[in-house]
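S.K.: Return a 3D structure for these sequence lines:
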Amino acid sequence: MPPRRDGPPTDSPRPTSQRFGRVLRLTGRSGFAHVLKTGLRAKSPQLVLYLLPNHLPRTRLGISIGRPAGIAVKRNRIKRLVREAFRLRRAELPVGYDLVVVVRPHAPLELGRYQELLLDLASQVHRRWQERQQR
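M.R.: This next block holds a predicted model:
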């Protein structure tokens, strides 16, 4: 049996900064509930994005999708696409927030469309947070 390697391989073609690791996930019922209760939101026909400052040097993502969105295969596909959109556009998102994406029932979109939606909704809410801080 080959020896077990802990951590990412050193010759990995993908830089570790592009990974969607545990530190980038918003987990736990209380974490989601806090963001949903006190965060600001922006809506589109497909997604509702809640955003709340987390005072960390990174942005974390949580995804909520219910059964009305479709069968498990469809829900999982949408979650994978939203996660990938976050991973690919993380550098363009505002830093230091917890994001909760609530998925509304819709047919799965292409990855590029989820990227656009995520950036657009996050920038809308980020501007509103900044305006609120200036008052």
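
S.K.: Every contact and neighbour count from this point should use C-alpha atoms.
M.R.: Fine.

S.K.: can you give me the offset of stretch 59-68 from its chain's centre?
M.R.: Using CA atoms, centre = their mean, to the nearest Å, the mean C-alpha position of stretch 59-68 is found 8 Å from that of the whole chain.

S.K.: Just the CA trace of that stretch, in PDB.
M.R.: C-alpha atoms of stretch 59-68 as PDB (Å, rounded to 0.1, in the frame of the first residue of the first chain):
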ATOM      1  CA  THR A  59     -15.400  35.700   2.400                       C
ATOM      2  CA  ARG A  60     -17.300  32.600   3.300                       C
ATOM      3  CA  LEU A  61     -20.200  31.000   1.400                       C
ATOM      4  CA  GLY A  62     -23.300  29.100   2.500                       C
ATOM      5  CA  ILE A  63     -25.900  27.700   0.100                       C
ATOM      6  CA  SER A  64     -29.500  27.000   1.000                       C
ATOM      7  CA  ILE A  65     -31.700  25.100  -1.500                       C
ATOM      8  CA  GLY A  66     -35.100  23.500  -0.600                       C
ATOM      9  CA  ARG A  67     -37.100  20.700  -2.200                       C
ATOM     10  CA  PRO A  68     -39.300  23.100  -4.200                       C
END
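
S.K.: Extract the residue ranges of this structure that are flagged as low pLDDT.
M.R.: Scanning the chain for pLDDT under 70 picks out 1-19.

S.K.: so the residue nearest to the spatial centre of it bridges to which residues?
M.R.: What sits nearest the mean C-alpha location of the chain, by CA atoms, centre = their mean, is L61, with 3.4 Å. Beta-bridge pairing for L61 (DSSP bridges): R25, L99.

S.K.: In contact with it, which residues?
M.R.: By CA atoms under 8 Å, 6 or more residues apart in numbering, the contact list for L61 reads 24-26, 83, 86, 98-101.
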